[in-house]
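[1] Show me the folded form of this:
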Amino acid sequence: MSISVLAVEDNAGILGMLCLILESLGFEKIDAAPSADEAMQMLDAGLTPDLVISDIRMEGTMDGHGLAQWLKQQHPRIRILLTTGYTSVEVTDFPVLRKPYSLSRLNAELENLKCLPAE
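    Numbering: from 1, shown residues only. Just a heads-up that it's a prediction; the model follows:
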């Protein structure tokens, strides 16, 4: 089974690394957006990923938590994983992966969301 993912991160270096990590885990269809605003535009234009992985704190008119709430309303079948480097961020309605995270921790979160590509 091929699982598609949209990675949303405003730090270009982290976004590039996340995409490489996702490729190493076997994801074949990876799209990337540097902001929640751009991710929303991509989704409104017809992009339909199985999973969105988004940083919480980003530049723009919407942060990652706002994007997740919008996704829950507009695209309820898309699974969501939020990431953050801030310990003070509290989100209880979506899974949150704290940065820096290991490959095994990301893999465990994706497994919990049932979003691992078939081997």
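
[2] drop to CA atoms for contacts and neighbour counts, all remaining ones
    Will do.

[3] Could you pick out the longest helix of this structure?
    helix 12-24 (DSSP state H).

[4] All the helices of the protein, residue numbers only.
    Secondary structure of the chain (DSSP H): helices located at 12-24, 36-44, 64-74, 103-112.

[5] Which one, of these, ends up nearest to Gly85?
    Of all the helices of the chain, helix 12-24 sits nearest to Gly85, with 11.4 Å by CA to CA.

[6] Buried residues of the closest one, list them for me.
    By neighbour count on 16 or more other CA atoms under 10 Å, the buried set for helix 12-24 is 15, 18-19, 22.

[7] Closest to Ala39 out of those residues?
    Minimum distance to Ala39 across the buried residues of helix 12-24 is 13.1 Å, recorded for Leu15 (CA to CA).

[8] thinking that closest one is in contact with Val8, fair?
    Yes: taking contacts as CA atoms under 8 Å, Leu15 lies within contact range of Val8: 7.2 Å.

[9] can you put the helices of the chain in TSV and add distance to Asp55 and mean pLDDT?
    TSV is the format used below for those (distance: least, CA to CA, whole Å; pLDDT from 0 to 100):
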stretch	distance to Asp55	mean pLDDT
helix 12-24	9	94
helix 36-44	9	97
helix 64-74	6	95
helix 103-112	13	90
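
[10] Which one, of the ones you listed, ends up nearest to Thr84?
    Among the helices of the chain, if distance is taken as CA to CA, the winner is helix 64-74, at 9.4 Å.

[11] Buried residues, the closest one. List them.
    64-65, 67-68, 71.

[12] Which one of those is nearest to Ser102?
    Gly64 (20.5 Å).

[13] What separation is there between Phe27 and Gln69?
    Note on Phe27: its distance to Gln69, by CA to CA, to the nearest Å, is 24 Å.
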